[in-house]
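> dropping the sequence and predicted coords here.
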Amino acid sequence: MDVYCIDTSALIAAWQERYPPENFPRVWERFDDLIAADRLVAPTEVLRETSKRSDELNGWLKQRDTMFRELEEAIQIEAANVLANYPRLVGERKLRTSADPFVIALARVESLQIVTDEKPTGNQNRPNIPDVCTGMGMPKPMNLLQLIQTEGWVVG
């Protein structure tokens, strides 16, 4: 069974746009099931990032702190490797986030499946998570719907 490493964009998109909890409570119950089974994780940087973007989502995530992985040495080393190869993954561009290299690093170190709302840019000067995964020979990230389909959830 897959273990998923989710990024900020996927969480924000799920909460605000695709599966708001007031309309899709079963989706969030299923996320809880994955978290309880230690199958949905994220680096602590994702929690920090959501605190800047969505108070409600951040509050929900804080109640599920077991899903967050501390930035242990192996993850920090791998994040430095990611940034050495893709320095523009983070930076001055609006909406660029600091969690992305840690999401990728955690997924590489623990062999996890990345879940992101980001699309590939195909541009080395403006890479997103899927671009880095391709360039580093990692599995292709999936989006939220693909996670739901992979897990076989029926929530209607």
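Received the coordinates, thanks.
> got the contact list for residue 43?
Residue 43 is in contact with 5, 68, 69, 71, 75, 99, 102, 103, 105, 106, counting by Cβ atoms under 8 Å, 6 or more residues apart in numbering. Yep, even glycine has a C-beta here, placed from its N, CA and C like the rest.
> which residue ranges of the chain form strands?
4-6, 40-43, 68-69, 113-115 (DSSP state E).
> got a markdown table for the ones you listed, with distance to residue 30 and mean pLDDT too?
Below are the strands of the chain laid out as a markdown table (distance: least, Cβ to Cβ, whole Å; pLDDT from 0 to 100):
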| stretch | distance to residue 30 | mean pLDDT |
| --- | --- | --- |
| strand 4-6 | 12 | 99 |
| strand 40-43 | 9 | 98 |
| strand 68-69 | 19 | 98 |
| strand 113-115 | 13 | 99 |
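> output the ones you listed in JSON lines, with distance to residue 121 appended to each entry.
Formatted as JSON lines, the entries for the strands of the chain read as follows, by distance: least, Cβ to Cβ, whole Å:
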{"stretch": "strand 4-6", "distance to residue 121": "20"}
{"stretch": "strand 40-43", "distance to residue 121": "22"}
{"stretch": "strand 68-69", "distance to residue 121": "27"}
{"stretch": "strand 113-115", "distance to residue 121": "16"}
